[in-house]
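Engineer: what follows is a predicted structure for the sequence shown.
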Amino acid sequence: MYVIECNDGLYYTGMTWNLENRMQQHILGKGSEFTARHGYKKLKWSKEFTNITEARECEHQVKDFSRKKKEALWKEQ
């Protein structure tokens, strides 16, 4: 799962099996409708999971985080 920063400063949270390929899709504007509209600036944070259920749970939690709480994810690293 990952969080990217868009060109306009908004954050997008997603999940993928292949982070490198997914980032290329976002860069090309084909990763999601959201990033196609808001653009891709950079990958801010990612976390690897071996369990898909845990990854989905984390993704849903992070999507509900405030902007400040999301930013704390990469400030802790």
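Structural biologist: Ah, there it is.
Engineer: let me see the mean pLDDT of the longest helix along the chain.
Structural biologist: Using DSSP state H to define each element, the chain has its longest helix at helix 52-64. The average pLDDT within helix 52-64 is 96.
Engineer: point out the other helices and strands that it packs with.
Structural biologist: Judged by 3 or more CB pairs under 8 Å, 6 or more residues apart in numbering; DSSP states H and E, helix 52-64 is in contact with strand 11-14. (C-beta placed from N, C-alpha, C; glycine too.)
Engineer: so where's this structure uncertain?
Structural biologist: 77 (pLDDT under 70).
Engineer: in it, what residue spans correspond to strands?
Structural biologist: 2-5, 11-14, 42-46 (DSSP state E).
Engineer: now what about the longest helix of the chain, what contacts it?
Structural biologist: With CB atoms under 8 Å, 6 or more residues apart in numbering as the test, helix 52-64 has contacts from 1, 3, 13-15, 47, 49, 70, 73.
Engineer: quick one, which of those residues are buried?
Structural biologist: 1, 3, 13-15, 70, 73 (16 or more other CB atoms under 10 Å).
Engineer: now do the contacts for residue 36.
Structural biologist: 29-30.
Engineer: look up how far residue 24 lies from it.
Structural biologist: 14 Å (CB to CB, to the nearest Å).
Engineer: about what we covered before: deepest of the strands of the chain, which one?
Structural biologist: strand 2-5 (a mean of 22; mean count of other CB atoms under 10 Å).
Engineer: possible to save the contacts of helix 52-64 as a markdown table with distance to residue 60?
Structural biologist: Converted to a markdown table, these look like this (distance: CB to CB, whole Å):
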| residue | distance to residue 60 |
| --- | --- |
| 1 | 10 |
| 3 | 13 |
| 13 | 9 |
| 14 | 12 |
| 15 | 10 |
| 47 | 14 |
| 49 | 13 |
| 70 | 13 |
| 73 | 15 |
